[in-house]
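[1] Kindly generate the corresponding structure for this input.
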Amino acid sequence: MVIEDLQQNPDDKTTRASAAAFMDQVITTYGASVPRDPYNGTTYAIIAEWSLKLEREDIYHKCARKAISARDCQPLIQLIARHVNAQSSDAEFKGWDFWLAEFLEYTGDLEWMETLLGTLKSLIESNTLLESLSVWQGTLLSRQLDHKQSFGLPDQAFLYQVFGVIVGGSGSEMLKSSWIYAIAERGHKHLLYRILIDLLRQRPNNPTLEATYKDIGDVILRESIPKLCLEMSDFPIGYANTYSWNAPINTATKPAADGNHAAKFLKLVDCCFERGYGSIAMELMETSCTNILSGHLPRKESMQTEPMQYFLRETCTIFLNHNIPFSPIIKQLWKALLREYLWMCDPTPPQQLSGLAHRPRGCQSPSCADCQSLDAFLVSPTERVFELQAPQKRREHVEYRLTRGTFRIHTETKPQRGHAHILVVTKIPGREYADDYKVYQQRLSEVHRRLQPLRQESVRQAIGDGSYSRLVLLEPASSVQAGIYPPASGQKRGALDELENQRPAKIRSEKP
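    A predicted model of the protein is given here:
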């Protein structure tokens, strides 16, 4: 209705004023008064078209903001191209700041912005306008770079377009240099890993372009060394149960949301060695080692196994491929990570105690006389039966410390005054050691499984034969002395066999 009135009375001041007021009200209030803006980009472009005819540039800019907010700007871009192509002289051209200022002000998605500009370039017919748009785009890039306080992974495509502008030669050398330093200063380390590898490994057909890409990468690399170094937080975190003598082993892990950035770091180190930045590669590695060794190591059960295996294995492979020996601090970190996160525990066998002695299991509270009496009974090599005549809460507290199957546990009732219930605990000769040894073998098998991916020639050469045998193959000087393997058939019977056949001279009678 409003459009029809304008078409019939294009020069009538009252009609024009009413139409402009109506359009302004629609753009200003309607989209803000409902949860979902019902207008699409085509509607905004139609209103913008008429606002220009009505010489209401303020409404045009409101339409641009609304279209950007809806991320539906293609119709508006086509409108801009039609108007710019229709302007026959420089005097008529309003300037790119007029047509495109809202795109810089109201969007933080730099890649989307560049896509829209690419569409606009494809629609411009005049070479002069295209050149002016390219110059304006260079200024726009500077504004966008200044506007962004940091660059993360979502900005990767936009930064590649910045590099394309730099390599393409548009813009002053000083301006392009400022862009590169801004990226190095504000780029997130995980973004820099990606773009540095791409820049340093560029192999365009034109040798000049290859050198330019490498020059850009050289500046970013040298300016970002402290930021690029690893921290322990760059390894993915997982979840696993802590090893214990009487708890099942659980090595399930949950993938980290942010990915394995330590792997990307190694790819950058490899690329540095490959492209002639060996000293920087060593600085990155050794500073990372210092960061990790001097910082707080997460709980061993919280780390994922596979990324740690990959890091240790690939570190050896990279250094071997480039014929670079491990420096002392790199070897120190390598061994520390292996012991902490692949061994998970020191693979040593349980101690076989003499006679009927067991490990203490009390609560260790100095005020708990019941647990003190329990521990005295457990560590005794001669006492077989423990009795506690006490209220239910105290009996349950002691019983909770014990494992059924390792001990025989029952409650007796006596017809007498006071506490009539008695907790009776009986040691089972050899059972605790047998259970502990079974769990130990499970733990040892798990350590071997974790170390299996590291049993490679590259690892042996990197850390040396002795460390490789001891840390990766778990080959002790004496397997029997280390307790890693059970006694072979025909060898002297161990203490476990002796305990199983022990019969105390006097055993208290028990109820079945």
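
[2] residues near residue 95, how many?
    11 (other Cβ atoms under 10 Å). For glycine as for every other residue, the C-beta is placed from the backbone atoms N, C-alpha and C.

[3] pLDDT at it, what is it?
    Reported pLDDT at residue 95 in the predicted model: 85.

[4] from what I can see residue 309 touches residue 454, true?
    Yes: contact criterion Cβ atoms under 8 Å: residue 309 and residue 454 qualify, at 6.6 Å.

[5] Need the residues touching each of the two.
    Among the neighbours of residue 309, those also in contact with residue 454 (Cβ atoms under 8 Å, 6 or more residues apart in numbering) are residue 342.

[6] Restricting to C-alpha, output stretch 445-463 in PDB.
    The C-alpha trace of stretch 445-463 is given here as PDB (Å, rounded to 0.1, in the frame of the first residue of the first chain):
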ATOM      1  CA  SER A 445      49.900 -55.900  32.000                       C
ATOM      2  CA  GLU A 446      48.300 -52.500  31.700                       C
ATOM      3  CA  VAL A 447      51.700 -50.800  31.800                       C
ATOM      4  CA  HIS A 448      53.000 -53.100  29.100                       C
ATOM      5  CA  ARG A 449      49.900 -52.300  27.000                       C
ATOM      6  CA  ARG A 450      50.500 -48.600  27.400                       C
ATOM      7  CA  LEU A 451      54.200 -48.900  26.500                       C
ATOM      8  CA  GLN A 452      53.600 -51.100  23.500                       C
ATOM      9  CA  PRO A 453      53.300 -48.100  21.000                       C
ATOM     10  CA  LEU A 454      56.800 -46.900  22.200                       C
ATOM     11  CA  ARG A 455      58.600 -50.100  21.400                       C
ATOM     12  CA  GLN A 456      60.100 -48.800  18.300                       C
ATOM     13  CA  GLU A 457      63.600 -48.300  17.000                       C
ATOM     14  CA  SER A 458      63.300 -44.500  16.900                       C
ATOM     15  CA  VAL A 459      62.500 -44.500  20.600                       C
ATOM     16  CA  ARG A 460      65.500 -46.800  21.400                       C
ATOM     17  CA  GLN A 461      67.900 -44.600  19.500                       C
ATOM     18  CA  ALA A 462      66.500 -41.400  21.100                       C
ATOM     19  CA  ILE A 463      66.800 -42.400  24.700                       C
END
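
[7] Determine how far that stretch lies from the middle of the whole chain.
    Distance of stretch 445-463 from the chain centroid (Cα atoms, centre = their mean, to the nearest Å) equals 24 Å.

[8] One more: stretch 374-387?
    Worked out by Cα atoms, centre = their mean, stretch 374-387 lies 50 Å from the chain centre.

[9] and that stretch, how far apart are its ends?
    Its start and end residues considered, stretch 374-387 measures 9 Å (Cα to Cα, to the nearest Å).

[10] element containing residue 424?
    Under the criterion of DSSP states H and E, residue 424 resides in strand 421-427.

[11] Need the residues that contact that strand.
    356, 358, 374, 377, 383-390, 392, 395, 398-399, 402, 407-414, 510.

[12] With stretch 178-197 instead?
    Looking at what lies outside stretch 178-197 - Cβ under 8 Å, 6+ apart - the contacts are 141-142, 145-146, 148-153, 155-156, 159-160, 162-163, 166, 216-217, 219-221, 223-224, 227-228, 258-259, 261, 264-265, 267-268, 271.

[13] Residue 309 and residue 454: which has the busier surroundings?
    Using other Cβ under 10 Å, the more surrounded residue of residue 309 and residue 454 is residue 454, with 21 against 18.

[14] dump the residue contacts of that one.
    Applying Cβ under 8 Å, 6+ apart, the residues near residue 454 are 309, 312-313, 338, 342, 472.

[15] So it versus residue 335, what's the distance?
    12 Å (Cβ to Cβ, to the nearest Å).

[16] can I see the domain layout of this structure?
    1-147, 229-353+429-512, 369-428 (automatic domain parsing).

[17] So for residue 202, which of the ones you listed sits nearest?
    domain 229-353+429-512 (10.1 Å; Cβ to Cβ).

[18] Can I get stretch 338-351 in CSV? Just the C-alpha atoms.
    C-alpha atoms of stretch 338-351 as CSV (Å, rounded to 0.1, in the frame of the first residue of the first chain):
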residue,chain,number,x,y,z
LEU,A,338,56.4,-41.7,30.6
ARG,A,339,56.7,-42.5,34.3
GLU,A,340,53.9,-40.3,35.3
TYR,A,341,51.3,-41.0,32.6
LEU,A,342,52.1,-44.3,31.0
TRP,A,343,53.4,-46.3,33.9
MET,A,344,50.7,-44.7,36.1
CYS,A,345,52.2,-46.5,39.0
ASP,A,346,55.6,-48.0,39.9
PRO,A,347,55.3,-51.6,38.5
THR,A,348,56.7,-53.3,41.6
PRO,A,349,55.2,-56.4,43.1
PRO,A,350,53.5,-56.5,46.5
GLN,A,351,55.6,-57.3,49.6
